[in-house]
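> Sequence and computational prediction follow.
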Amino acid sequence: MNRTALVLACLLSALSALSARAETYRFAEVPRVVAFADVHGAYPELVRLLRETAVIDESLRWQAGRTHLVSLGDLLDRGDDSRKVVDLLMRLQDEAERAGGAVHVALGNHDIMNIVGDLRYVNAAEFAAFAGSDEDALREAAWQRVLAQEPDATRAAFDAGYPPGYFAHRQAFSAQGRYGSWLLQQPFLVVVNDTAFAHGGLPPIVAKLGLDGTNRTLHAQLTAYLETWQTLESGLALVRPVGFREQPAAIAGRVSEERAQSFAAMQFAEVFTSDGPTWYRGQALCNQYAEDENLDAALDALDARRLVVGHTVSPTGRARSRFEDRVILLDTGMLRSVYGGSPAALILEDGRLQLAYADLPGQRLAPEVRARAVGPRPTGLTDDALEQWLTEAEVVGVEELDAGITQPQRVTLRKDGVELRAVFKKLSSDFGADRRQAINLSDRFEHEIAAYRLDRLLGLDMVPVTVPRTIAGREGILQFWVDDSINLRTMLERKLQPEGWCEAEPQYNLMNVFDVLVHNTDRTQENALFTRDWMLVLIDHSLAFRTHLKQPRLLYQGELQLSAALAARLAALDAAQLQQALGPWLQRRQIEALLKRRDQLLREHRPRTDTALRATGS
């Protein structure tokens, strides 16, 4: 048997376990569920957490009976003890099964990266865990292959390019290796009782394919890639290891153009991109009204009531909830040396949802609600805290802004060792004798506060913190200055396209809905901003809140769409609520007009029904 055939035979033998295993991704009547996320080689922290939750005893043996333990992936990379982590979970998986419980390991993007040879985040200690006599033999064989084809190669350069343990690591995480073959048998998604577990999130493919279909599709994509690469690598007799991202270039010009393009396209399959659940961050980061229909459809397809994910590190080191507790974000930065967080586990038992933290022994807490924070700022300074900060901070600098007739100023403020900037607006044009007519011609700083307060009532989270403030004897408003942002005009001039985790079009739609609701006549390319992570921020509403009912000119040309959640939030607005929140800043007729426009939005842009969502698979 030649080398190519031998490699393929080993690969197919290893992958046959995938089809042989019982493809069960749903588990019911589980008395207790314990879940954790993103270990990243933090073995001591994981052990402390599993002891805190009574999953293992002092000898690190399974003691949890019928409990189901769920890992949300990313066992590997960045931390020193990845091998110990995998060894522990492999053993616990067997012990749990014998005790009537289970260990589910949902694959994370870093786990997949190690399987396919994308080793960007493997540190020296992770490689070194594989050093030894086996590694020495593999290294020598690899060096001899290189030397045979590259007579000028030096051993020193070769060893410097491949850290100690590198070759044994690659072998262990290959499809036929001890760890690679085990990882290939793990799911991408599981549902235990009424809760779905995934590494990153639930992209639209989940609503389309469901639980079994998503798992089968992603496994097929991953195994097809591995089979194809090993065929190409063996056939071309490549002597040096080639990383995942370099593999398409390594075969270019050495196989037919069609075959090279077909192989390169395989790297854009859902299993390797944010279109799949290992990379997706929609439920963790994106605007709830841009994401809720997809979440509803995915949970419906999975027959689950909530989702638990890792992948996106909490800035507070505590697990957070979103979408009215339907999403739990469990990545609390377990690897302290990199993320500075705290090991956390979610416990589902007797109908209760609780959180255990290794640094809070004996305590059981509820998840934090993710705090509003429009625009980047120092960690921990939520919008509630920022309101008070802007009200109390010392003004240490003022500069004029060349921005039209309102003569805004950019103010630098300092408090508690933190220095931030805000825009100060003080223009409030007089309504004049004919207040009914003048109200639709006025340019007032009060409208900025009204826009911010309305945004908060709706939970839209697009308008920066805005507070009343008197500076140098002039009443006005301070609005948090969103640093490191770019407006749409500059984007167009530079021919830039948003490249963040959250798509731009749904955010533009929300901007349009808000501008119609407040009748904003001054939405321009200059006052629609994207943050550095491509989240849309809306500023300059001093010309909003007209009493007209006809739709204003919209900056983004697209059909308005209301999600069911946003429609419900709009419908819940009433005159008393708006009068209390906006009354100090708006006239009564402005509030009445706002409610009439709300009614028009609900009549003319009624959201699609759940039945329609299921039928379209969107």
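In hand now; what should we look at?

> quick one: buried residues of the helix or strand that contains Glu140?
Element membership for Glu140 (DSSP states H and E) is helix 133-149. Going by neighbour count (16 or more other Cβ atoms under 10 Å), the buried part of helix 133-149 is 135, 138-139, 142-143, 146. From N, CA and C alone the C-beta is placed, and that goes for glycine too.

> right, and the pair among those with maximum separation?
Glu135 and Val146 (16.1 Å; Cβ to Cβ).

> can you count the residues close to Pro315?
Residues near Pro315, counting by other Cβ atoms under 10 Å, number 17.

> Mind checking what secondary structure the residue lying closest to it once chain neighbours are set aside has?
The shortest distance from Pro315 to any non-neighbouring residue, by Cβ to Cβ, 6 or more residues apart in numbering, is to Thr379 (4.9 Å). Assigned by DSSP: H, G, I helix; E, B strand; the rest coil, the conformation of Thr379 is coil.

> likewise Val537?
strand.

> on that earlier part again, might one say that the residue nearest to Pro315 is in contact with Gly317?
No. At 9.9 Å, Thr379 and Gly317 do not qualify as touching, with contact defined as Cβ atoms under 8 Å.

> next structured bit after the helix or strand harbouring Ala356?
In the assignment (DSSP H and E), Ala356 maps to strand 352-357. Downstream of strand 352-357, the next assigned helix or strand under DSSP H and E is strand 368-369.

> Run through who's touching that following strand.
316, 318-322 (Cβ atoms under 8 Å, 6 or more residues apart in numbering).

> try 10 Å
Counting contacts by Cβ atoms under 10 Å, 6 or more residues apart in numbering, the residues outside strand 368-369 that touch it are 314, 316, 318-322, 324-325, 329, 355.

> follow-up on the earlier one: can you get me the centre-to-centre distance for the strand holding Ala356 and its chain?
The chain centroid and the centroid of strand 352-357 are separated by 22 Å under Cα atoms, centre = their mean, to the nearest Å.

> Okay, strands next: where are they in the stretch 101-250 of the chain?
Residue ranges of the strands in the stretch 101-250 of the chain, as given by DSSP state E, counting those that start in this stretch, are 102-105, 189-192, 195-198.

> can you list the ones you listed in a markdown table and add mean neighbour count and mean pLDDT?
Formatted as a markdown table, the strands of the stretch 101-250 of the chain follow (neighbours: other Cβ atoms under 10 Å; pLDDT from 0 to 100):
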| stretch | mean neighbour count | mean pLDDT |
| --- | --- | --- |
| strand 102-105 | 22 | 98 |
| strand 189-192 | 23 | 98 |
| strand 195-198 | 28 | 98 |
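
> so which of those strands comes closest to Leu586?
Using Cβ to Cβ, the nearest of the strands of the stretch 101-250 of the chain to Leu586 is strand 195-198, at 42.9 Å.

> Show me what that closest one is packed against.
Other helices and strands packing on strand 195-198, by 3 or more Cβ pairs under 10 Å, 6 or more residues apart in numbering; DSSP states H and E, are strand 32-36, strand 68-71, strand 189-192, helix 204-235, helix 288-302, strand 306-309, strand 327-329, strand 344-349.

> With distance to Leu454 as added columns, please give the ones you listed in CSV.
Formatted as CSV, those follow (distance: least, Cβ to Cβ, whole Å):
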stretch, distance to Leu454
strand 32-36, 37
strand 68-71, 40
strand 189-192, 38
helix 204-235, 30
helix 288-302, 14
strand 306-309, 29
strand 327-329, 25
strand 344-349, 35
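
> Any idea which of those gets closest to Glu446?
Closest among the helices and strands packed on strand 195-198, using Cβ to Cβ: helix 288-302, at 26.0 Å.

> what's the offset of the closest one from the middle of its chain?
15 Å.

> Who are the packing partners of the helix holding Glu140?
Packing partners of helix 133-149 (3+ Cβ pairs under 10 Å, 6+ apart): helix 155-161, helix 166-172.

> most packed of the ones you listed?
Mean neighbours per residue, mean count of other Cβ atoms under 10 Å, is largest over these for helix 166-172, with a mean of 22.

> Gln504 against Pro498, yeah?
If you look again at residue 504, you'll see it is Ala, not Gln. Yes. Proximity of Ala504 to Pro498 meets the contact threshold set by Cβ atoms under 10 Å, at 4.1 Å.

> Now for the two: what residues contact both?
491, 530, 534-536.

> So for Pro607, what's the pLDDT?
For Pro607, the pLDDT comes out at 77.

> Around it, count how many other residues there are.
Number of residues near Pro607 (other Cβ under 10 Å) recorded here: 17.

> nearest residue to Arg318 other than its sequence neighbours?
Excluding its sequence neighbours, the residue lying closest to Arg318 (Cβ to Cβ, 6+ apart) is Glu368, at 5.1 Å.

> Okay, the one you found and Asp331: tell me how far apart.
13 Å (Cβ to Cβ, to the nearest Å).

> more crowded one of the two?
Shown here are Glu368 and Asp331; by other Cβ under 10 Å, Asp331 has more neighbours (27 against 14).

> ok, the residue nearest to the spatial centre of the chain - contacts?
The geometric centre of the chain, computed from its C-alpha atoms, lies nearest to Arg281 (Cα atoms, centre = their mean), at 2.5 Å. Arg281 makes contact with 200-201, 203, 274, 291, 309, 311-312, 329, 500-502, according to Cβ under 10 Å, 6+ apart.

> Give me the local confidence score for it.
97.

> where's it relative to Ser337, distance?
From Arg281 to Ser337 the distance is 23 Å (Cβ to Cβ).

> Next: Phe197.
Taken as Cβ to Cβ, the span from Phe197 to Ser337 is 26 Å.

> cool, and Pro241?
27 Å.

> Among these two, which residue is more densely surrounded?
Comparing Pro241 with Ser337 by other Cβ under 10 Å, the one with more neighbours is Pro241, at 15 against 12.

> That one: what's it in contact with?
117, 119, 142, 161-162, 166-167, 170, 233.

> quick one: which of those residues is nearest to Asp483?
Leu119 (35.0 Å).

> Is that closest one in contact with Ser82, as I believe?
No. Leu119 lies out of contact with Ser82 (Cβ under 10 Å); the separation is 11.6 Å.

> When those two are compared, which one has more neighbours?
Ser82 (30 against 21).

> that older thread, just the buried ones among the contacts of strand 368-369, please.
Buried, going by 16+ other Cβ under 10 Å: 314, 316, 318-322, 329, 355, out of the contacts of strand 368-369.

> tell me the phi and psi of the spatially closest residue to Glu293 that is not a sequence neighbour?
Excluding its sequence neighbours, the residue lying closest to Glu293 (Cβ to Cβ, 6+ apart) is Ser563, at 5.0 Å. Backbone torsions of Ser563, given as degrees, to the nearest 10, read phi -80, psi 160.

> what sits against Ser563?
Ser563 neighbours (Cβ under 10 Å, 6+ apart): 287-296, 506, 509-510, 513, 569, 607-608.

> Low-confidence bits of the stretch 501-618 of the chain, can you list those?
Scanning the stretch 501-618 of the chain with the threshold set as pLDDT under 70 gives 608-618.

> any chance you could map the helices in it?
504-518, 564-572, 575-582, 588-604, 610-616 (DSSP state H, counting those that start in this stretch).

> Relative to Ala28, which of those helices is closest?
helix 610-616 (22.3 Å).

> still on that earlier bit, save the contacts of Arg281 as a markdown table, and put in distance to Leu457 too.
Converted to a markdown table, the contacts of Arg281 look like this (distance: Cβ to Cβ, whole Å):
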| residue | distance to Leu457 |
| --- | --- |
| Gly200 | 31 |
| Gly201 | 27 |
| Pro203 | 30 |
| Ser274 | 31 |
| Glu291 | 20 |
| Val309 | 28 |
| His311 | 31 |
| Thr312 | 27 |
| Leu329 | 24 |
| Gly500 | 26 |
| Trp501 | 26 |
| Cys502 | 22 |
